[in-house]
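>>> Have a look; sequence and predicted model below, questions after that.
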Amino acid sequence: MTERRRLPVLNQPPEAGGGSAPEGEDDETRPPWQWIGFGVVAIFAAWLPLAAAAGALARRAFQAAFAEGATEADVARALAAMSSGERIRFTLSQALPQVLALALAAFAGGFLVGRFGKGTRPREAALAGGATALMATALTVRGLELAWVTVATVAITATVAIGFAAWGGLVGVRRRGSRQSAL
């Protein structure tokens, strides 16, 4: 009879008969800049469903503020009739859910980079947030006139994405450090 082949046991050192190192151990040789790309993908992957939920919240607030079937002219008249405080509250009800969705996604993507990227720092997480903001801006601004509203939107997007991704990266690096010291 032939000798049975045994599968290596994960987390068992190779000299103990576990075979070669398990797959994924080559992450130690991955340069930190590659984690920027992983962070961008993670931020977009988290942002898409969160943005859909934020859009539903904004739509509900819009429907509460304006009558069913209101035309663009009706909305413009109603906005003009609002006091400045009401207009600010309405604008926040439209923008704040999207900003919060981006903040949460950027934090999660930055955390991923900081926690699992060997040799990464909050800088790589912030760069992932910046690259995400740049790509989102390129997709959004394409074909629009560069008005002050667009400039403000770009500034807010970049600030939120970079800031929250860096914060997530910092938390991730701290978690990675506490886990390694516990081992």
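The structure has been received and is ready for your questions. Residues are numbered from 1 along each chain as shown.

>>> Quick check: longest helix in this protein by residues?
For the chain, the helix that runs over the most residues, judged by DSSP state H, is helix 148-182.

>>> List the contacts of A51.
98, 101-102 (C-beta atoms under 8 Å, 6 or more residues apart in numbering). Yep, even glycine has a C-beta here, placed from its N, CA and C like the rest.

>>> Recalculate using a threshold of 7 Å.
Residues counted as contacts of A51 (C-beta atoms under 7 Å, 6 or more residues apart in numbering) are 98, 101.

>>> Please work out the angle formed by the directions of the helix or strand hosting R87 and helix 148-182.
Using DSSP states H and E, R87 falls within helix 84-116. Put simply, helix 84-116 runs at 30 degrees to helix 148-182, going by axes from the mean of the first three to the mean of the last three C-alpha atoms, to 10 degrees.

>>> Counting neighbours, show which residues of helix 84-116 come out buried.
90, 93-94, 97-115 (16 or more other C-beta atoms under 10 Å).

>>> before we move on, what about stretch 123-141?
So stretch 123-141, judged by 16+ other C-beta under 10 Å, has buried residues 124-133, 136-137.

>>> With pLDDT and distance to A73 added, can I get those residues in JSON lines?
What follows is the buried residues of stretch 123-141, written out as JSON lines (pLDDT from 0 to 100; distance: C-beta to C-beta, whole Å):
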{"residue": "E124", "pLDDT": "96", "distance to A73": "49"}
{"residue": "A125", "pLDDT": "97", "distance to A73": "46"}
{"residue": "A126", "pLDDT": "97", "distance to A73": "44"}
{"residue": "L127", "pLDDT": "97", "distance to A73": "45"}
{"residue": "A128", "pLDDT": "97", "distance to A73": "43"}
{"residue": "G129", "pLDDT": "97", "distance to A73": "39"}
{"residue": "G130", "pLDDT": "97", "distance to A73": "40"}
{"residue": "A131", "pLDDT": "97", "distance to A73": "40"}
{"residue": "T132", "pLDDT": "96", "distance to A73": "37"}
{"residue": "A133", "pLDDT": "95", "distance to A73": "34"}
{"residue": "A136", "pLDDT": "90", "distance to A73": "31"}
{"residue": "T137", "pLDDT": "85", "distance to A73": "30"}
